[in-house]
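Q: need the 3D shape of this:
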Amino acid sequence: MTTAAAPLLIDVRSQGEYAAAHLEGSICLPLSDIATLIGQVAPDKQQPLLLFCASGVRSDMAMRLLQSLGYSQVENGGGAGQVAMRLGCAVVRG
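A: Below you'll find the predicted structure:
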């Protein structure tokens, strides 16, 4: 990412996975719904987005999808644990 703005943290796991445990301040947009819901939470396609899931596979698919929709600052953060350690985010347990 090339901007200093803090990225929007987007968890692309299912609602159930998110409810069980998620990163504080993250938004749940499951991979299956991200294309239809992204415009509601990130209407600016220049906004930095940091995507993550359990392992990085779903967030990689979501990143590619969002890039195809014109989002230019999308990063695959990998697994939620990696993102939590990298950013120092607290994990909220359901």
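
Q: show me the helices in this protein, by range?
A: Counting by DSSP state H, the chain has helices at residues 15-20, 34-41, 57-68, 80-87.

Q: quick one: mean pLDDT for the shortest one?
A: Translated: helix 15-20. On average, the pLDDT along helix 15-20 is 97.

Q: check the second one too.
A: Averaging the model's pLDDT scores along helix 34-41 yields 97.

Q: what residues sit buried inside that helix?
A: Residues of helix 34-41 classed as buried: 34, 38 (neighbour count, 16 or more other Cβ atoms under 10 Å). Every C-beta, even on glycine, is put in place using the N, C-alpha and C of the backbone.

Q: show residues contacting it.
A: In this structure, residues lying in contact with helix 34-41 by Cβ atoms under 8 Å, 6 or more residues apart in numbering are 8, 10, 12, 27, 29, 62, 65-66, 69, 71.

Q: likewise for the third one?
A: Counting by Cβ under 8 Å, 6+ apart, the neighbours of helix 57-68 from elsewhere in the structure are 10, 12-13, 29, 31, 34-35, 38, 49, 51-53, 74-78.

Q: any regions of the protein where pLDDT drops low?
A: Regions of the chain meeting the criterion pLDDT under 70 cover residues 1-4.

Q: repeat that for 50
A: Along the chain, segments meeting pLDDT under 50 span 1-3.

Q: which of the contacts of helix 34-41 has the largest number of neighbours?
A: residue 12 (28 neighbours; other Cβ atoms under 10 Å).

Q: ok, that residue - contacts?
A: 29-31, 34, 51-53, 58-59, 62.

Q: kindly report the same for residue 17.
A: Residues counted as contacts of residue 17 (Cβ under 8 Å, 6+ apart) are 11, 54.

Q: change it to 7 Å
A: residue 54 (Cβ atoms under 7 Å, 6 or more residues apart in numbering).
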